[in-house]
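**Q** Give the three-dimensional model of this entry:
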Amino acid sequence: MIAGPGAGPPGGRRDGGEDAGSLKIVPVRHPGRWVASAVILVLLAMLVDTLVFSHLTRGGVREGRFQWGVVGSYLFDPSVLRGIVVTLELTVIAMGVGIVLGVLLAVMRLSASRLLSGTAWLYIWFFRGTPVLVQIIFWYEGISYLYPHLSFGVPFGPSFVTVSANSLDTAFVAGVLGLSFNEGAYMAEIVRAGIISVDEGQTEAAQSIGMSRAATLRRIVLPQAMRVIIPPTGNETISMLKTTSLVYAIALTDLFTATQNISNRNYEVVPLLMVASLWYLFFTSLMTVGQYYIERYYARGSTRSLPATPFQRLRQGLFRIRPQTPSPLTDPPLARPHA
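**A** This is a model prediction of the structure:
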């Protein structure tokens, strides 16, 4: 075989006389990563030191800076546990009503009827444009101020039942109404974004085989839109759990209000804030895990293989060692034998 003019001699020799298999490949260095890692490690060490080992003197007594003993003594206090129940009830009810309202408003917003579309737009405009705290206080104080007595009967006609607004509009009801109606406006935009993300050809194909608009929405559009709807809905649920603390303004004893009531008695403000923060972090972590699995469920059909769960990744890292494939960029090639 006759070698071309640009070919090297047999055995992989180059013009410089060096064998190609003996070349040392140096990986790219990233000094910025090392500097950033060192800075982060130093900051983490400082954080652990101030959280666990740091002490100071209060009133002549040396104690831990964050008083973890006080935090532990009130973490499972009965009043705190009752406040947790109220917080979870508000979160579940408000999100349930908000999701139902959001779906209804999103469908109205996309309707061809200008009256339905305009009504939904006006609702979303108002409840997104006013603070949720103002809405909660309005439902608690404004309804009984504007309508001392609520009548139920024929519109513009006789009333059959008349009740006092104060007997119906309790602090819990006001909190649910304020949080639910506000959440409905945000969920409407989330659901609308999910619906319009589905290709219009899906709707046209469903209508061509005789499916009604309601059946098309329920069986074709919404299942595909869930991939877009679920992530922001999970964020809204986590946000709702924390937003329930605003019922402190109407004297409803939720988790935050319960810890504040205790701190008003014993003046341990920071430890009781830590108690509330730990419980909020616990429940938001559970919701984050639940959101991951729901997103993974609705990802079926959009990806070739489902992503591994956190437990699967941990099991793979601990109990299974996979052989590494040599990379052409970082691993040197095998030396070829000389001819």
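
**Q** Which of the helices or strands spans the residue most central in space within the chain?
**A** Centroid-nearest residue in the chain, with Cα atoms, centre = their mean: residue 235, separated by 2.7 Å. Assigned by DSSP states H and E, residue 235 belongs to helix 222-243.

**Q** how about that helix: buried residues?
**A** Going by neighbour count (16 or more other Cβ atoms under 10 Å), the buried part of helix 222-243 is 222, 224-230, 232-234, 236-241, 243. Glycine gets a C-beta too; all of them are placed from N, C-alpha and C.

**Q** so where's the stretch 1-150 of the chain shaky on pLDDT?
**A** 1-21 (pLDDT under 70).

**Q** now the strands: where do they sit in it?
**A** With DSSP state E, counting those that start in this stretch, the ranges of strands along the stretch 1-150 of the chain come out as 55-58, 61-64, 149-153.

**Q** The last one - contacts with which helices or strands?
**A** Using 3 or more Cβ pairs under 8 Å, 6 or more residues apart in numbering; DSSP states H and E as the contact criterion, the neighbours of strand 149-153 among helices and strands are strand 159-164, helix 165-168.

**Q** what's the answer for the second one, then?
**A** Taking 3+ Cβ pairs under 8 Å, 6+ apart as the contact definition, the neighbouring helices and strands of strand 61-64 are strand 55-58.

**Q** Using PDB, list the CA coordinates for stretch 67-83.
**A** This file holds the C-alpha atoms of stretch 67-83, laid out as PDB (Å, rounded to 0.1, in the frame of the first residue of the first chain):
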ATOM      1  CA  GLN A  67     -31.400  28.800  72.000                       C
ATOM      2  CA  TRP A  68     -32.100  25.400  70.400                       C
ATOM      3  CA  GLY A  69     -33.200  24.000  73.800                       C
ATOM      4  CA  VAL A  70     -36.100  26.500  73.900                       C
ATOM      5  CA  VAL A  71     -36.900  25.700  70.200                       C
ATOM      6  CA  GLY A  72     -37.100  22.000  71.100                       C
ATOM      7  CA  SER A  73     -39.300  22.600  74.100                       C
ATOM      8  CA  TYR A  74     -42.000  24.400  72.100                       C
ATOM      9  CA  LEU A  75     -41.700  22.400  68.800                       C
ATOM     10  CA  PHE A  76     -44.500  20.000  69.800                       C
ATOM     11  CA  ASP A  77     -46.400  22.400  72.100                       C
ATOM     12  CA  PRO A  78     -50.200  21.600  71.900                       C
ATOM     13  CA  SER A  79     -51.100  25.200  70.800                       C
ATOM     14  CA  VAL A  80     -48.500  24.900  68.000                       C
ATOM     15  CA  LEU A  81     -49.900  21.600  66.900                       C
ATOM     16  CA  ARG A  82     -53.400  23.000  66.800                       C
ATOM     17  CA  GLY A  83     -52.100  26.000  64.800                       C
END
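
**Q** Make 53 the starting number, not 1.
**A** That works, and once the first residue is 53, the last one we named lands at stretch 119-135.

**Q** quick one: it to chain centroid distance?
**A** Counting by Cα atoms, centre = their mean, to the nearest Å, stretch 119-135 is centred 26 Å from the centre of its parent chain.

**Q** cool, and stretch 146-160?
**A** Centroid separation for stretch 146-160 versus its chain: 18 Å, with Cα atoms, centre = their mean.

**Q** coming back round to it: the strands of the stretch 53-202 of the chain into CSV, with extra columns for distance to residue 316?
**A** Supplementary listing: the strands of the stretch 53-202 of the chain in CSV, determined by distance: least, Cβ to Cβ, whole Å:
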stretch, distance to residue 316
strand 107-110, 19
strand 113-116, 21
strand 201-205, 35
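
**Q** Please tell me the pLDDT value assigned to residue 358.
**A** Looking at residue 358, its pLDDT is 66.

**Q** how about residue 311, phi and psi?
**A** Main-chain torsions, residue 311, degrees, to the nearest 10: phi -70, psi -30.
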